[in-house]
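Trainee: Test case, fold it:
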Amino acid sequence: MLPNRDFWNGKKVLVTGHSGFKGGWLTIWLTRLGAKVSGVSLPPDSQPSLFDKSSLSEICTSYFKDIRSFDAISAVIERESPEVIFHLAAQPLVIAGYENPVETFDTNIMGTLNVMQAAKNASKTSIVIVATTDKVYAPSHDCVPFRESDKLGATDPYSTSKSCVELIVQSFRYSALELDIPKVATVRAGNVIG
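Mentor: Predicted structure coming up:
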């Protein structure tokens, strides 16, 4: 199924983590579909970076802010008034999770809570898509591929933080039934090599 250009054309979209690999490519793709994209992330941490090589600063409005700051993410969402938020900003590495678990949990859990709460407070945002990982599942020894309905759980800090993100989004999803807040969903991506 191809994306619906009519849906995205002119749509105001915020991508968190737009300076990263997945967020950068998503930003490029959305702008080619006609969306008006803004992004919030930390500055690119590699040289060369996809952000610089693809001139992302020329196709979207960029904010270099830390999602762990509720005030910073709220200000960006208030200023940009996105209709759709793709939340990809995260500490994305298993090894880094072992090396610095506190930063991993803080970024992935509190960063997500900040984005979700700021989106809840925003009057224009109607959809929030949160990227997690295929590593959110409880360990299994039966060699059967995981299914989305499998039990959440993990053994390392990164994967555990993303399992917690799944539960946070689930909480907001159930709250949406009772409150007037954005529709939320998660997407679970595997490793990407680019």
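Trainee: so what's the residue nearest to residue 90 when sequence neighbours are not counted up against?
Mentor: Spatial nearest neighbour of residue 90, chain neighbours left out: residue 108 (5.2 Å); criterion: CB to CB, 6 or more residues apart in numbering. Glycine gets a C-beta too; all of them are placed from N, C-alpha and C. The neighbours of residue 108, taking CB atoms under 8 Å, 6 or more residues apart in numbering as the test, are 90, 91, 158, 161, 162, 164, 165.
Trainee: biggest separation within these, which pair?
Mentor: Looking at those by CB to CB, the two members farthest from one another are 91 and 164, with 12.8 Å of separation.
Trainee: Tell me the predicted confidence for the residue nearest to residue 90.
Mentor: What the model reports as pLDDT for residue 108 is 97.
Trainee: Check the secondary structure at the nearest residue to residue 30 once chain neighbours are set aside for me.
Mentor: Here the nearest residue to residue 30 in space, its sequence neighbours aside, is residue 37; by CB to CB, 6+ apart that works out to 5.0 Å. Here residue 37 is strand, with the state taken from DSSP: H, G, I helix; E, B strand; the rest coil.
Trainee: Begin at 550, not 1, for the rest of this chat.
Mentor: Understood, numbering begins at 550; the last thing we discussed is residue 586.
Trainee: Give the bridge partners for residue 586, please.
Mentor: residue 562 (DSSP bridges).
Trainee: show me the contacts for it.
Mentor: 562, 563, 564, 567, 576, 579, 580, 608, 609, 610.
Trainee: Which residue ranges of the chain form helices?
Mentor: Assigned by DSSP state H, the chain shows helices spanning 554-557, 570-581, 599-602, 605-608, 619-629, 643-648, 650-654, 660-670, 706-725.
Trainee: Out of the ones you listed, flag the one nearest residue 688.
Mentor: Between the helices of the chain, helix 706-725 lies closest to residue 688; by CB to CB that is 9.6 Å.
Trainee: Just the CA coordinates for that closest one, please, in CSV.
Mentor: Output of helix 706-725 as CSV, limited to C-alpha atoms (Å, rounded to 0.1, in the frame of the first residue of the first chain):
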residue,chain,number,x,y,z
PRO,A,706,18.2,-1.6,29.9
TYR,A,707,17.5,-0.4,26.4
SER,A,708,14.9,-3.1,25.6
THR,A,709,13.3,-2.7,29.1
SER,A,710,13.0,1.0,28.6
LYS,A,711,11.2,0.5,25.3
SER,A,712,8.9,-2.1,26.9
CYS,A,713,8.0,0.6,29.4
VAL,A,714,7.3,3.0,26.5
GLU,A,715,4.9,0.5,25.1
LEU,A,716,3.0,0.5,28.4
ILE,A,717,3.1,4.3,28.6
VAL,A,718,1.5,4.5,25.2
GLN,A,719,-1.0,1.9,26.1
SER,A,720,-2.0,3.9,29.2
PHE,A,721,-2.5,7.0,27.0
ARG,A,722,-4.4,5.0,24.5
TYR,A,723,-6.9,3.7,27.1
SER,A,724,-7.1,7.2,28.6
ALA,A,725,-8.1,8.5,25.1
